[in-house]
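Chemist: Fold the following for me, if possible:
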Amino acid sequence: MSVKTRVYEGKAKILYTTDDPEILLADFKDDATAFNAQKRGSIENKGNINCSISSKLFQQLETHGIKTHYVDSPAPHQMRVKALKILPLEVVVRNIAAGSLCQQTGLALGTVLKKPLVEFYYKNDQLGDPLLTRDRLFLLELATPEQVDTIAHLALQINKFLCDFFGRCDITLVDFKLEFGLDAQQQLLLADEISPDTCRLWDNSKLRDPNLRVLDKDRFRRDLGNVENAYQEVLQRVLKAIESSN
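Modeler: Residues are numbered from 1 along each chain as shown. Reported below is the predicted structural model:
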């Protein structure tokens, strides 16, 4: 399938049209950003690694009844996906206090939450992707009440699967970001990616060390070094967990 026109470029991916109007090609980039793109850089081989991890996790989720935009992966850094109308929401699921949750609430880093927390953020770089109440979400008409209820339910289902899966990788899933979109039939599908760019992941064998345990983009945010090695470690553990379950 030949690539046609670039239709969108984000911080981590470029989307192109294909010969099929219902299919897009996502090209994963090595570019890295943090703090709403105030910090920029690149992570060697990140595109290949994140595309591979996302492809494997989307396939695993599909087998567990979660519908995604994933079609296939024609190249290490490329993923064919269903064309969706992406909702302007970032859905964050938190299992352990970290990042902005600590900054905004005073909770200590590493506090295990009594139950997973599902939060909605307005996907708007100019506004800094603000945290939304449901009333504000509905005021802005970003989604319907039914869609929000469905998304919250799916987010918890995905969280349960990913916690179990990463547990088999000897990794703790601290928190993660999801995006959803509507297909031509107005069906909600999981979109974007699931990778060390969008998840906080801690190495269970190094939990006592706040720096060594980090296997995600916090290594880039906090200048901890060895970013590519951490991403590669996640990929290898994901592949091993899938292989051992087959």
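Chemist: hey, where'd the strands end up in this protein?
Modeler: For the chain, the strands defined by DSSP state E occupy 3-9, 13-18, 23-28, 31-34, 39-42, 70-75, 78-82, 85-86, 89-96, 112-122, 131-132, 171-182, 188-191, 199-203.
Chemist: Quick one, which of these gets closest to residue 213.
Modeler: Nearest of the strands of the chain to residue 213, taken as CB to CB: strand 199-203 at 4.4 Å. C-beta here means a position set from N, CA and C on the backbone, and glycine is covered the same way.
Chemist: what's that closest one in contact with?
Modeler: With CB atoms under 8 Å, 6 or more residues apart in numbering as the test, strand 199-203 has contacts from 96, 98-99, 162, 166, 170-177, 212-216, 218, 233-234.
Chemist: and it with strand 89-96, angle?
Modeler: 20 degrees (axes from the mean of the first three to the mean of the last three CA atoms, to 10 degrees).
Chemist: about what we covered before: will you turn the strands of the chain into JSON lines that also has mean neighbour count and distance to residue 228?
Modeler: Listed next are these as JSON lines, based on neighbours: other CB atoms under 10 Å; distance: least, CB to CB, whole Å:
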{"stretch": "strand 3-9", "mean neighbour count": "12", "distance to residue 228": "23"}
{"stretch": "strand 13-18", "mean neighbour count": "18", "distance to residue 228": "18"}
{"stretch": "strand 23-28", "mean neighbour count": "22", "distance to residue 228": "14"}
{"stretch": "strand 31-34", "mean neighbour count": "18", "distance to residue 228": "10"}
{"stretch": "strand 39-42", "mean neighbour count": "12", "distance to residue 228": "10"}
{"stretch": "strand 70-75", "mean neighbour count": "16", "distance to residue 228": "19"}
{"stretch": "strand 78-82", "mean neighbour count": "22", "distance to residue 228": "19"}
{"stretch": "strand 85-86", "mean neighbour count": "13", "distance to residue 228": "28"}
{"stretch": "strand 89-96", "mean neighbour count": "21", "distance to residue 228": "25"}
{"stretch": "strand 112-122", "mean neighbour count": "14", "distance to residue 228": "28"}
{"stretch": "strand 131-132", "mean neighbour count": "16", "distance to residue 228": "31"}
{"stretch": "strand 171-182", "mean neighbour count": "22", "distance to residue 228": "17"}
{"stretch": "strand 188-191", "mean neighbour count": "21", "distance to residue 228": "25"}
{"stretch": "strand 199-203", "mean neighbour count": "23", "distance to residue 228": "15"}
